[in-house]
Structures are given as structure tokens and as C-alpha cells.
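> everything below, folded, please.
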Amino acid sequence: MVYNFKMTKKNIVLFKLLLVLIFSLSVIQLQADDIIVTKKSVIDTKNSLEWQDNSESKENIWKMAVGSCKQLDIENHHDWRLPTQKELIALSKRAALKEKFRYLEANVCWSSDPDKDEELNAITVFTGNGFKSSSDKCDKNFIICVRDYQK
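From the prediction side, this is the model:
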């Protein structure tokens with residue numbers, strides 16, 4: 001079959017609208033209730049948090065994890081930080097939010113909270129079930145960064 005496609009003004013307008021739609025879908029791929037998924041992050045509008053979701057997640061010691069988040073630049077945002085243990089536990093226990101991540105795996109992740117009972121340790125959270133523990137700051141654990149989200 002041969003299609004005879006003419007570039008009329010109407011077809012050009014429709015083509016431009018299609019391009020805008022495709023671009024919009026690449027920026028915001030999914031928005032369901034209170035969760036927005038972008039190319040490199042998952043936004044939890046319910047708790048006003050934007051979570052890192054890219055392949056750059058890695059393991060490192062606590063001090064390097066803190067620095068890694070501070071230096072993170074995703075979509076021109078430079079205010080990333082390590083999450084608190086409370087934020088990590090909430091993420092770990094919210095299946096609807098976790099399933100939107102492409103790169104989040106069940107790992108032991110650093111929180112920003114030092115261990116109050118042991119000054120050489122910081123609180124870690126297993127993202128599989130929200131189990132909280134304490135790890136030596138020189139141990140290597142996974143890093144996921146977060147930022148406060150404002151509409």
C-alpha cells in the first residue's frame with residue numbers, strides 16, 4: 001500500500017501537537033494519585049518528597065553518601081540530601097510508591113541520622129521492609145537521595 005500524505009496546515013498542527021504530547025510523556029511518564037514519575041526521580045506529593053531514581057545509586061561510606069547527595073544534580077535541582085530514617089521507613093512500607101521506582105532495590109540504605117547511642121554509627125534502613133539498624137559509618141551501604149518537593 002502507498003499512502004499519499006500531504007503536508008497541509010492541519011496536518012502540520014496535528015504533527016506539532018503529537019510532538020508536544022510525546023515530549024510531555026517523556027518528562028512526566030506517570031501521574032497516579034499522589035505519585036509522579038519523571039525520567040530520574042519519583043515524586044511523592046503526599047509527603048512532599050522527590051526521590052532519586054536513576055542508575056547512579058551506589059554503595060559508599062556514610063560521609064561520602066552525605067557528600068554524594070549534596071553534589072547531586074537531577075533536573076537542575078541541587079538541594080538533594082540523605083533521607084531521614086523516618087522518610088526511608090515510610091518509603092519502605094509504601095508498596096504503591098516503591099513499585100514506581102525503576103532502580104530502587106531492597107538494600108540497606110544510609111539515613112542522615114547518626115546513631116544517638118553510638119557516635120561512630122549512623123542509622124540504616126532496609127528498603128525491603130523498613131527494618132532499621134545501626135551501621136558503622138565506615139561500612140559501605142547504599143545511597144538514595146531525596147529532596148523536599150514543592151509544587
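
> so where's the chain uncertain?
Counting by pLDDT under 70, the chain has low-confidence residues at 1-7, 9-33.

> the helices in it, which residues?
Per DSSP state H, the chain carries helices over the ranges 9-27, 62-71, 85-92, 95-98.

> quick one: Trp51 and Thr38 touch, right?
No - with contact defined as CB atoms under 8 Å, Trp51 does not count as touching Thr38 (10.4 Å). Every C-beta, even on glycine, is put in place using the N, C-alpha and C of the backbone.

> of these two, who's got more company?
Set side by side, Trp51 and Thr38 show more neighbours around Trp51, with 24 against 17, by other CB atoms under 10 Å.

> contacts only, for the closest residue to the more buried one other than its chain neighbours.
The shortest distance from Trp51 to any non-neighbouring residue, by CB to CB, 6 or more residues apart in numbering, is to Val42 (4.8 Å). Shown in contact with Val42 (CB atoms under 8 Å, 6 or more residues apart in numbering): Ile35, Ile36, Glu50, Trp51, Asp53, Leu97, Lys100, Phe101.

> what's the separation between the nearest residue to the third one once chain neighbours are set aside and Thr38?
For Glu50, ignoring the flanking residues on the chain, the nearest one in space by CB to CB, 6+ apart is Tyr149 at 4.2 Å. Applying CB to CB, to the nearest Å, the value for Tyr149 to Thr38 is 11 Å.
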